Structures are given as structure tokens and as C-alpha cells.
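# this one's sequence-less:
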């Protein structure tokens, strides 16, 4: 069985909005054994939508559509759905009551006719109640195919996926089991890894697929297997992952499905009862923001200083003026004193510090654009690392953040 | 003339990766007058790729393909391109020299046969040199249609778009002029805005399209026009924008094409020679990270404190223990003292502070999950605002960050 995702909206096709809905839906479907064959983004245009429906129906059993359900004139999905199923709109009382309640209780503006029209749904559709907004989702069966239409607002789409779509798909379709395990490796290029894995890859069982996903400084190896027998798949993939640890265990940092690095770092700190603080210059608070994106971070993260100005490094983090004078603000020595400064200021076991030049021009230091020093202070001392991270501001910051979390994780692992 | 974008990669269809390449390419094409008809994401699979090529060719004049050009076995795009154009692979000497140089100068691992094979390209293709990586881009003409194949690594794709694809498209195609202007409004729902704009919308010239883009706390109104006469379009859209300011000027904060709020804030600070600092609790450094994402931020941003732990608020930001005892850490009073604390600590004209409960459980305060206080300290005093931002951690933080920048922007505007 296959699914297809169709995202509707001119904003996607003019590049104003990145379509994040598709990835979310695809991930949730994979988790319940549904493979996505294709993702298609089309315009807010009747003919285009109808054509996309027809093509998707010819290939897939489940078609999930997002977008174009709002109350304004540029939203035409509901009309297109109606036309595709040769259906007409009827008023759904429950939706109407919900829309009226939303306006009465939570919105300061009076309800309008166009808001009430959100309660009109195709007569053949099962309504999927959208508690977060006014546009209901729709579930329509045509022969053996299912069409689902969801609002494009991510929050509303997500709630409907979890609360309505997934439970219904589980009931409606027989599904195989799909397993993805993704090993995250650092420091070696994909071709070098592929070369080392050649013999292993030759003997990989045919039901397991391997993919290489290179990105900034890391390569992810994804093993994917699909089949009716869950136990066989879990055991088979496990055996291959074990072999991989045998061949390239020195560069494997962990598995993506266990969570991102900030989650792994948080988990380790929590388990080993350690605390953390940050002192950021070139990363500008991005490390602290990632660390605190994890629920419960307040148990181990005490705080951080974004010491963008040199005076902030001196006044708050107690970096010595002499050190700055001798080595400049972008130096291993300053990174070290920043980390120790944060460790003492926040009274934490670990601290991570960054100082560098993210460009586009040289700042308070002569350091070349792209130069970044990272320091990790631990109960055992402080370690610094130097990196050259290219010449694009956003990339430099992103790479520095990734590197910092990686170094921090490896350091905490030692305790 | 129309373009289509095809992104190739199983990682997109299993939801492991959000396809950001399409939005980038679509935006760049729109800037030079090329409309994107459809975006399609397909698997790393020969048949699927060939089918997508065929369909796109039937609809568009320019087909831009990304992904699947790496050296490992899961990359099959080049073979599919070859087959589609009934072509064969030949070695390109310049690419080979570049790949060899990359390995010699910048990589620590020895070059492998699979790296050298990156220099094989279809004989009919014009090679687009990829200075950032080993996979060359390809430009292939078939009758009057152009196919472009680019690597999927965003950095490499972007450089090739700017350096090779855009200049060639400009030469190859006659293009109309496309203009998007997007007004960002705050505080009122899309249906209320649409209702106010009804009469205006009825009289909108037919060559101008209007779209409503609602998201967290804001609605963007995009006016799009396309045609051969640039002057006519610019003047026509300007006239309509002016009318919009007349009708809903009180809720328009600015135009998206002028940049995001962090850019607008930075521009204002720079122009009016003001400085800024931050004191963040629930937003965990995300405001500082956004502010510092703007090149040149060091001219006006002095630094920030992420005071996650209560002690950090007291020790570093000098929030009074009594205030915390009386009002709890999540209170208007604490937000106020945090903002003033940052303003004094970093000696800045403005400071923004956040304290709240982002959940999932209540922390050092009894405040309900979703409660957020924002304080803006200015040369004239300090103002605080209370918001209830729902119950999803990531959404609460995102909304609090947006609100903070909005309030800050409005405050700086007064000076």
C-alpha cells in the first residue's frame, strides 16, 4: 500500500514558505507502516488540484492533502474536493457550533458569514473535527481509495493527524512494518565510509536498503526495512547495525531515532546528575536555545551568557583583559576563560563556550572569517578546539552549534 | 513560460529531511520572472525519476532537479538522466582535476575510484562546475526544453543556482516581470481582515492576485502581479498597497520583502544609533540567536543573559529576591527587573526580557503552562506585557520570540 501527499498553496510555489507539513505527515505514516510514494505541491487552482488528485489516485491508496481550506477567496480546495467527488456542500451542525463557540469564547472579533461557511462540508465526507481552528478536516472514501483533506496551518494539521487520521488509517488498511535506523557518524566523508563498507554492503540482505545522508560535518547512514514480520525485521536490522559498529564504530556518535544531540546531551546530564551552562559569542544564544528546546531542560541547564560585546566577556564572564590584549577575542585562550567563567558564574559541572568570527567582515579581532574556537569545561578541566567553518554566516553558526554539542556530548560520556 | 522542480531522495519521502531546496529555487526563479508550476518529490528510483521527468516535460519549459548525484550506490539520478536523454557518460577533465584537487588540498582521506567517477557526465550535458563539492551540475537542452540537474546538498545547490543556473536562464528564456509584495499584519484574524477588504478586493485589477497567509499571531497579505511591463506592475501594485494602508494601516507592521522582524529591528537600531541587550528565561536564548543572525549585529547587540535558573536571575540580572518571593519568577515584576537588569549590565539603550512557563510541567512558579511575560526597557522606561500562548513548548517559545521582536520594534519606532 502506498500514500501520496499533496500540499496546496501558491506560497509554496513562489518559495515564500517551506513545506514542512509533508515531512511531518510522511514521518507519521512511516511509523505505522505506510510508505509515501510521492509528494506533490500544487497551486491554489481548481484545474491543477483536480489533475493532481487524479494522478495521485492512479498511484496511491491513501491521498493526504493539506492547505487551501481557509475562509478567504484564495482558498479553493473544498470546492475542488466537491467537484472531484461530484458532491455538494452541506452544513455540519457540530462544526458550526464549534466555530461559533471559538468566536464567542476566544476571539475578540465578531463572527462573520465567511466563518460560518467553514461549517459547509461535502456530503460524502466524514468530518474530522479541528479543535484548533475553524476549518474541519475531511475523510472521503472513493471505491477502495481514501482522500483526506487537512488545513495547512501546521498546528491544526498535526492535531488532526494524531487525533483523527492515524487512528483511522490503522483501522482501514493492512500495513506492513517499516523500520528506519539511522547511524550518525562524524568526521569522515561519505565515499570513505562507503569504501570501508563495500564488502558489508555487498552482503546486506535484500530486504534492507542503505542510504547515505551527508551534511555539514556528518554523514548519516539509514537502514530501512519493510515487511510483514516485525520480529524478523527488527532482528535483521539489529544484526546489521551491530556489524556496522564493528567496522566503523569509532566514528559513530549515536542513532538519530534516539533523538537529536541536544536530547542526548540532556538525557546524559539528567542521568548522571550534572548541570550545564553556556557562554556564547559567535553562536549568539543558539546553543542555549537548542538545549532549552528539550522539555525538562531546567533540571540541568542553569543559564548562559551571550557575550557579544568584548566588555560583556570581561565584565560578566571575567575573561582577563590581558588575555584579550595578548591573544584577541577570537582565540583558544579566550574560549577557555569564557567556559570557565560560565562554569563559575552559574556554578555548573559543565560549560560550553564559543568565540569566533562568523563574518561577513572581521570584527573586534583579526581572525579570518570562519574561525571558531570552542571550549568545553568539565569537572576535570577545560579543553579547547579550533575550527575553520567556511565563509557563510548562517552555516558557520550552524556548524559551530553542531560541533559544540558533539564535543560536549563526548566529554560528558567520559564521566 | 513555466518551470518545475523535482527533488529526488528517499529521505524526503520518509520524512527524515524537510525539502528546503525547492523553496530556495522557487524564490530565485520568481525573482527573475519564472513561475514554478509544480514541485514534485520522488524516490531514489530509476523508474520513478524517469516518470517524473516525462510528466514535468509535458507541463514546463525548464525542469530543475536536485539530489541523487552523490558517489554512493543509493544515488541513481545521473544514470536516470543518461537514460532519459539516451545518452552515455563521458569523463570531464575539468571536473576530474577539480575532484583530485579537492582531495589533495582539503580532505584528509585518499581519493577513491568512486570519487573519480563523479567526473563522468552525460555527453550531451553542459557541465556546471561545483566548486563546493565533487558532484557537478548538468544543463541539458532537449528540443526547446531545458533540464538542470543539481546536487542536493543545499550549499552546493545554492552556489550553482547563483553562479550558473540563474545567468543561463536569463539568457535562454524571455521572461515576464513578477512582483510579490507581502504586508505583515498583527493581531487580527484573516476573516476579519478579508471582511474589511471586501470592497477593495472586488475592485482589485485582474492582473493582481491576493493571498492570505495566516500563522501564529500574524496574517500576511501577498499581492502578486505578473506581466511584460515592469513599470506598470510596480506602479499598479504600489497603488493597491497604498489603499491597503488606508484601510488597515493600523495593523500593518511592515513588508516581508524588507526582511524579517530581526532585520527590521537591526536596521532601526543601526539607523538611530541605539544598542540592545536581552534577558531570556523561557525563550532560552532564541531571541539573541535571531538578533545575531543578522550580519553586522555586533554594532548594536551587546549581549544577553539566558537566566534559566532562578539564581541566575538574582545573581547576574540583579532581580530582587523579594520580588520573586512576592510575585514568583513568572510575573510582570520579574520580567521588568530582568529587562532593567540587562539594560544596566550591558549598558544598552534597549533591553528585552522574557519569563514564562513553556511547559510541559509547571516549574519554579505556579504560573499556568503558556503564561509568558515580556518586558521592553527603553530610554523612557520599561513596559511589560502578559500573554497566554497555548500549551505546546515549541509553539510557546516561537510565539514569545515573535511577540518580543514585534513589541521591541514598535517601541524603537517611537524614538
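Received, thanks. Bear in mind that the values here come from a model prediction, so they are computed numbers and not experimental data.
# Which positions in the stretch 101-250 of chain A make contact with chain B?
Counting by CB under 8 Å from any CB of the partner chain, the stretch 101-250 of chain A comes close to chain B at A:107, A:109, A:112, A:114-115, A:153, A:155, A:180, A:182, A:188-192, A:194-195, A:201, A:209-215, A:222, A:224. No exception for glycine: its C-beta is placed from N, CA and C like everyone else's.
# From those residues, which land in helices?
Counting by DSSP state H, the part of these found in helices is A:114-115, A:155, A:190-192, A:194-195, A:201.
# Could you pull out the buried residues of the helix or strand hosting residue A:199?
According to DSSP states H and E, residue A:199 maps onto helix A:198-202. Neighbour counts over helix A:198-202 (16 or more other CB atoms under 10 Å in any protein chain shown) mark no residue as buried.
# How about stretch A:137-153?
A:137-140, A:146-153.
# pLDDT averaged over that stretch, what's the number?
Mean per-residue pLDDT for stretch A:137-153: 96.
# Same question for stretch A:82-90.
Here the average pLDDT along stretch A:82-90 is 96.
# got a pLDDT number for residue A:261?
For residue A:261, pLDDT reads 86.
# Wait, it touches residue A:401, no?
No: using CB atoms under 8 Å, residue A:261 is not in contact with residue A:401; the gap is 9.3 Å.
# neighbour count winner among these two?
More crowded of residue A:261 and residue A:401, by other CB atoms under 10 Å in any protein chain shown: residue A:401, with 24 against 21.
# Dihedrals phi and psi, the more buried one?
Main-chain dihedrals, residue A:401, degrees, to the nearest 10: phi -60, psi -50.
# wait, it sits on residue A:290?
Yes: proximity of residue A:401 to residue A:290 meets the contact threshold set by CB under 8 Å, at 6.5 Å.
# picking that back up, ok, and what's touching the helix holding residue A:199?
A:194, A:210, A:240, A:243-244, A:247, B:73 (CB atoms under 8 Å, 6 or more residues apart in numbering or on different chains).
# if you average pLDDT over that helix, what comes out?
Mean predicted confidence for helix A:198-202 is 96.
# Now do that helix: distance to the chain's middle.
Relative to its chain's centre, helix A:198-202 lies at 31 Å (CA atoms, centre = their mean, to the nearest Å).
# what's the answer for stretch A:173-190, then?
Worked out by CA atoms, centre = their mean, stretch A:173-190 lies 15 Å from the chain centre.
# what's the answer for stretch A:64-74, then?
Centre to centre, stretch against its chain (CA atoms, centre = their mean), the figure for stretch A:64-74 is 24 Å.
# Please see if it touches chain B.
Yes: using CB under 8 Å from any CB, stretch A:64-74 comes into contact with chain B via A:70-74.
# what's the most distant pair in the contacts of helix A:198-202?
Using CB to CB, the contacts of helix A:198-202 span at most 17.2 Å, a distance reached by A:243 and B:73.
# what's near enough to touch residue A:117?
residue A:71.
# swap in the one 5 residues further on?
Under the criterion of CB under 8 Å, 6+ apart, the contact list for residue A:122 reads A:78, A:81-82, A:85, A:87-90, A:138, A:140.
# For ChimeraX, what selects the buried ones among those residues?
In ChimeraX, a selection of the buried entries from the contacts of residue A:122 looks like this (16+ other CB under 10 Å):
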select /A:78,81,82,85,89,138,140
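# Tell me the one of the contacts of residue A:122 nearest chain B?
Using CB to the nearest CB, residue A:78 is the member of the contacts of residue A:122 that lies nearest chain B, at 14.9 Å.
# distance of that closest one from residue B:209?
When CB to CB, to the nearest Å is the yardstick, residue A:78 and residue B:209 sit 19 Å from each other.
# again, but for residue A:217
Remark: distance between residue A:217 and residue B:209 (CB to CB) = 42 Å.
# The helix or strand bottoming out on mean pLDDT in chain A - which strands sit beside it in the sheet, and in what orientation?
Within chain A, confidence by mean pLDDT, DSSP states H and E is lowest for strand A:252-255 among all helices and strands, at a mean of 86. Taking DSSP bridges as the criterion, strand A:252-255 sits next to strand A:177-186 (antiparallel) in its sheet.
# where's residue A:323 relative to chain B, distance?
Taking CB to the nearest CB, to the nearest Å as the criterion, residue A:323 is separated from chain B by 18 Å.
# For that residue, give me its contacts.
A:331, A:333-334, A:337.
# try residue A:144
Counting by CB under 8 Å, 6+ apart, residue A:144 makes contact with residue A:61.
# do the one 4 residues further on as well
Contacts of residue A:148 were listed using CB under 8 Å, 6+ apart, and they are A:62-65, A:128, A:137-140, A:165.
# Which ones among those residues map onto helices?
Using DSSP H, none of the contacts of residue A:148 sit in helices.
# Might you calculate how far the helix or strand harbouring residue A:405 sits from the centre of the chain?
In this structure, residue A:405 sits in helix A:393-413 according to DSSP H and E. The offset between the C-alpha centroid of helix A:393-413 and the centroid of the whole chain comes to 17 Å, using CA atoms, centre = their mean.
# and that helix, which residues are buried?
A:393, A:395-409, A:411-412.
# tell me the mean pLDDT for that helix?
The model assigns helix A:393-413 a mean pLDDT of 91.
# That one to strand A:177-186, inter-axis angle?
Helix A:393-413 runs at 90 degrees relative to strand A:177-186, counting by axes from the mean of the first three to the mean of the last three CA atoms, to 10 degrees.
# can you tell me if helix A:393-413 touches chain B.
Yes: judged by CB under 8 Å from any CB, helix A:393-413 comes into contact with chain B at A:393-395, A:397.
# where in the stretch 251-400 of chain A is pLDDT low?
Applying pLDDT under 70 to the stretch 251-400 of chain A flags residues A:363-364.
# what sits against residue A:223?
Listed by CB under 8 Å, 6+ apart, the contact partners of residue A:223 are A:179-183, A:208-210, A:237, A:240-241.
# what's the lowest-pLDDT member of the ones in helices among the residues of the stretch 101-250 of chain A next to chain B?
Within these, lowest confidence goes to residue A:155 (88).
# so what's the nearest residue to that one once chain neighbours are set aside up against?
Leaving out its chain neighbours, the residue that sits closest to residue A:155 by CB to CB, 6 or more residues apart in numbering or on different chains is residue A:132, at 5.5 Å. By CB under 8 Å, 6+ apart, the residues touching residue A:132 are A:153, A:155-156, A:159.
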